[in-house]
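Asks: have a look; sequence and predicted model below, questions after that.
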Amino acid sequence: MQVKTYRDLIAWQRAMELVRSVYEITQQWPTKEQYGLTSQVRRAAVSVPSNIAEGFGRRATRDYLRHLGIAYGSLLEVETQLQIAGMLSYLDSAALNRLLGQCAECGKILNGLITSLRNRPA
């Protein structure tokens, strides 16, 4: 399949699924966290597909790679914040493991995309 838009990228599609999962799970978190951890993890999750899309729209591979690096950093931020939520008992272990599994899948796909762009002839 030829990639015509960022929406064709598996990395973007999986990141969008992660956003949905994060929003669904955080609806159950305490109201007192609305402007704290809930807001932070949602913003970080949204940053992942947003930076994949923005990087795709850049003309230079170097700029694309920079945005993919930002997306990867945001993904690690999501992972950390989910682990904090688990530590605070906002997530049970099954939900935490499911979400961390989604993060791991996104990370592998993103790393594959980064590697393929780095190895692409100039």
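Replies: Everything's here; your move. Numbers count the residues shown, from 1 in each chain.
Asks: helix or strand for the closest residue to residue 18 other than its chain neighbours, which one?
Replies: The shortest distance from residue 18 to any non-neighbouring residue, by Cβ to Cβ, 6 or more residues apart in numbering, is to residue 102 (4.9 Å). In short, each C-beta sits where N, CA and C put it, glycine included. For residue 102, the host element (DSSP states H and E) is helix 93-118.
Asks: kindly report the same for residue 59.
Replies: Assigned by DSSP H and E, residue 59 belongs to no helix or strand.
Asks: again with the one 3 residues further on
Replies: Assigning secondary structure by DSSP H and E places residue 62 in helix 61-87.
Asks: rounded mean pLDDT for that helix, please.
Replies: Averaging pLDDT along helix 61-87 yields 97.
Asks: what's the distance between residue 19 and residue 118?
Replies: Computed as Cβ to Cβ, to the nearest Å, the residue 19 to residue 118 distance reads 26 Å.
Asks: please say which of the two ends up with more neighbours.
Replies: Neighbour tally, residue 19 and residue 118, criterion other Cβ atoms under 10 Å: the higher count belongs to residue 19, 19 against 10.
Asks: the more buried one is in what secondary structure piece?
Replies: Short version, using DSSP H and E: residue 19 is in helix 10-26.
Asks: now the next helix or strand after that helix: buried residues?
Replies: Per DSSP H and E, the first helix or strand lying C-terminal to helix 10-26 is helix 37-56. Under the neighbour-count criterion of 16 or more other Cβ atoms under 10 Å, helix 37-56 has 37-38, 40-42, 44-56 buried.
Asks: tilt between helix 37-56 and helix 93-118?
Replies: Counting by axes from the mean of the first three to the mean of the last three Cα atoms, to 10 degrees, helix 37-56 lies at 20 degrees to helix 93-118.
Asks: nothing else from me, thank you.
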